Structures are given as structure tokens and as C-alpha cells.
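Visitor: Prediction below, plus the sequence it came from.
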Amino acid sequence: MGAGLTALAAVIWGLWSLVLRPAGLPPMQAAFLALLVMASPLPFVVRRAPFEDRGAVAALLLLGVADAGSVGFYFAAIARGPVAVAVLTHYLAPLIVTLVAPLLLSEKRSRRVMVAAPASLLGLALLVWRPGEAVALVTAGLGAASAFFYAAFVFAAGRAGRSFTPQAVTALHALVSAGVVLLLFGGDAIPAAGPGALRVAVGSLLCGLLATSLFFKGVTLVPSAVAGALTYLEPLTAALVGWAAFGEGLSALQLVGGAVVLASGVAVAVEK
């Protein structure tokens, strides 16, 4: 059950481009609206007792800031495209987490990570390089920036989850994230009413609220290494969506680069 829920969440996350690109909203407006939708169950899931844990509250605040950065850069990368480059660079996050964890949590550093990290960078270089065309460095840079924020998100989520339920973590951190976006961009973050905003709002129920809730439930039922490996279904799904819905072809060299990134991440995630 846990593996199935985690895998389903990853596949649903891979559908974000179907929501964002046709909507045509600026990335920050789409991010703000998606975060509001994710925060909507707040009155039904929050209890007073967990707030007595100050460490968990601090982690929730960090979680909100980190997710605002992650979502903002990720949505910007998807909007610019190609989708495969945006999503795969975003998925540097598991490797960043594994590299940083020994420094923050005193975990033992593995030899596999030391091989996987440079291999991933090589794979990303192959992925973004298109002979005879401009290199998608901006998209890759935006995706990589989102990965660093998402790595911070992962660390903070573990601490917040000690006291708050998965549903409360989802709603509370989304509210903080929406506040950060509004603080940084002011009225420019608020989308005008229209078909684009409606599409993002409805899509966020599926790709945001539902998928995140499924993920937080799934990770409580399976080891974190298994969950990490299953999340790589998202870039696979997103790459297929980019090919099928937006005509984003991938050369043989780029397929090799993507395979190297995915294989490196999975190898690290399933290491025991």
C-alpha cells in the first residue's frame, strides 16, 4: 500500500506541465494559487497540541520558505521548457540530500554517492546539450535551483512530521509558502480571474493537494530509500508528457544523459 501510494503520487506530480503550460499564468501566480489550494484543508486538519513542539513549528516555517523557492523555480523551469530538462534537473534533490545528510545528521557517507554525484552532473550535461541548438541552460539552472530548495524541504519535513500529521504539514507549510510568495512579489503574485487561473486551481487539487497527501501518507508506510526510488517515476512521467503532449523529442544522447541521472538517483536511493 505504501509503495503504491508513493508511486501514484510521483506519477501525478509528473502531470504538472499539462496544467501549467496551457494555463499560461506567470510562474509565481501559478505557484501562489497552487499553494493556496494545498492550504485549503487547514481548518479541518490542524490541532493545538503539536504547536507546543517549538522545534516542529520552526521546521514548518523553514518548510514553507523552502517549498516557496522550490515550487517557484520549478514552475518557472516547466514554463520555459523543455519539460524533461526542467524535471530531471529538479531531481538533483535526492543526491543533494544524500551528500548533505552526513554534515547535518552525522550520517555515514557512502562511496556510491561519491560516484553518483559526478555521474549525475555528466548526465545533466548530456541532457541539456543539443548539437547545433542553443543549450537549455536557463531551464536547467531554474530546475537545479528548485532542487536545492527541495533538499531543504526534505530535511525540514522530517522534523515537522514528528509532531504534526501529514495532512497538517501539507496545509500549514503551503500557507507559509503562499505568504512568502505574496511577501516577495506583492500583488503581482495574485492571478486575475479567468480560464487560466481556474485551470491551475483545479489542477492543483490533483497535482498539488491530492498527490502531496498521498506522498506523505505513503512515506509513513515504506522505508525512505524505497520512497526516494519511487519518486523517480515523476521525471519519467514528465518526459513522456513532454514528448506526447508538447512534441519535445529527445535525441539518443539526451536519452543516455537522462538515463544516467535517473540511474544515479535510484542507485543512491536504494542503497542500504
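Guide: Now that the structure is in, tell me what you want to look at. Numbers count the residues shown, from 1 in each chain.

Visitor: Tell me how many other residues crowd residue 257.
Guide: For residue 257, the count of nearby residues is 24 (other CB atoms under 10 Å). Yep, even glycine has a C-beta here, placed from its N, CA and C like the rest.

Visitor: just residue 16 next, same as before
Guide: Around residue 16 there are 28 other residues, counting by other CB under 10 Å.

Visitor: With the one 4 residues further on instead?
Guide: Residues near residue 20, counting by other CB under 10 Å, number 26.

Visitor: Put the alpha carbons of whichever strand or helix holds residue 236 into CSV.
Guide: For residue 236, the element it lies in under DSSP states H and E is helix 233-246. Taking C-alpha atoms only, helix 233-246 is exported to CSV below (Å, rounded to 0.1, in the frame of the first residue of the first chain):
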residue,chain,number,x,y,z
LEU,A,233,8.6,8.0,-11.6
GLU,A,234,7.9,11.7,-11.8
PRO,A,235,10.6,12.7,-14.3
LEU,A,236,9.8,9.6,-16.3
THR,A,237,6.2,10.6,-16.5
ALA,A,238,7.1,14.2,-17.2
ALA,A,239,9.4,13.3,-20.0
LEU,A,240,6.7,11.2,-21.6
VAL,A,241,4.2,14.0,-21.2
GLY,A,242,6.7,16.4,-22.9
TRP,A,243,7.0,14.0,-25.8
ALA,A,244,3.4,13.1,-26.2
ALA,A,245,1.7,16.5,-25.4
PHE,A,246,4.3,19.1,-26.4
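
Visitor: List the buried residues for it?
Guide: 233-239, 241-242 (16 or more other CB atoms under 10 Å).

Visitor: Now it: average pLDDT?
Guide: Helix 233-246 carries an average pLDDT of 80.

Visitor: so what secondary structure elements neighbour that helix?
Guide: For helix 233-246, the packing partners by 3 or more CB pairs under 8 Å, 6 or more residues apart in numbering; DSSP states H and E come out as helix 2-13, helix 16-23, helix 83-90, helix 252-269.
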